[in-house]
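Engineer: below is the sequence, then the predicted model.
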Amino acid sequence: MSVIDTIRTALTALAANKLRSSLTMLGIIIGVS
């Protein structure tokens, strides 16, 4: 999964549910780091 795909997925999640996706995005960032 490329960085672009990760960002795109995060943006899609933000559009769907901002609060929940924010937590998910944090988890992804921490997991990738």
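Structural biologist: It's in. Numbering: from 1, shown residues only.

Engineer: please count neighbours and contacts with C-alpha atoms only from this point.
Structural biologist: Will do.

Engineer: next one: the helix or strand hosting I7 to chain centre, how far?
Structural biologist: According to DSSP states H and E, I7 maps onto helix 3-16. From the chain centre to the centre of helix 3-16 is a distance of 5 Å (C-alpha atoms, centre = their mean, to the nearest Å).

Engineer: what comes up buried for stretch 9-17?
Structural biologist: A10, L11, A13, L14 (16 or more other C-alpha atoms under 10 Å).

Engineer: turn the residues you listed into CSV, columns for distance to G31 and pLDDT.
Structural biologist: Converted to CSV, those look like this (distance: C-alpha to C-alpha, whole Å; pLDDT from 0 to 100):
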residue, distance to G31, pLDDT
A10, 14, 82
L11, 17, 83
A13, 17, 76
L14, 18, 74
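
Engineer: just give me the closest of these to L26.
Structural biologist: Ranked by distance to L26 (C-alpha to C-alpha), the buried residues of stretch 9-17 are led by A10 at 9.7 Å.

Engineer: OK, contacts around the closest one?
Structural biologist: If a contact means C-alpha atoms under 8 Å, 6 or more residues apart in numbering, then A10 has S21, M25 as its contacts.

Engineer: for N17, see how far away it is.
Structural biologist: Distance, A10 to N17, using C-alpha to C-alpha, to the nearest Å: 10 Å.

Engineer: swap in L11?
Structural biologist: Taking C-alpha to C-alpha, one finds L11 at 10 Å from N17.

Engineer: and if you look at L26?
Structural biologist: 14 Å.

Engineer: ok, V3 next?
Structural biologist: Taking C-alpha to C-alpha, one finds V3 at 21 Å from N17.

Engineer: now do T9
Structural biologist: Distance of T9 to N17, computed by C-alpha to C-alpha: 12 Å.
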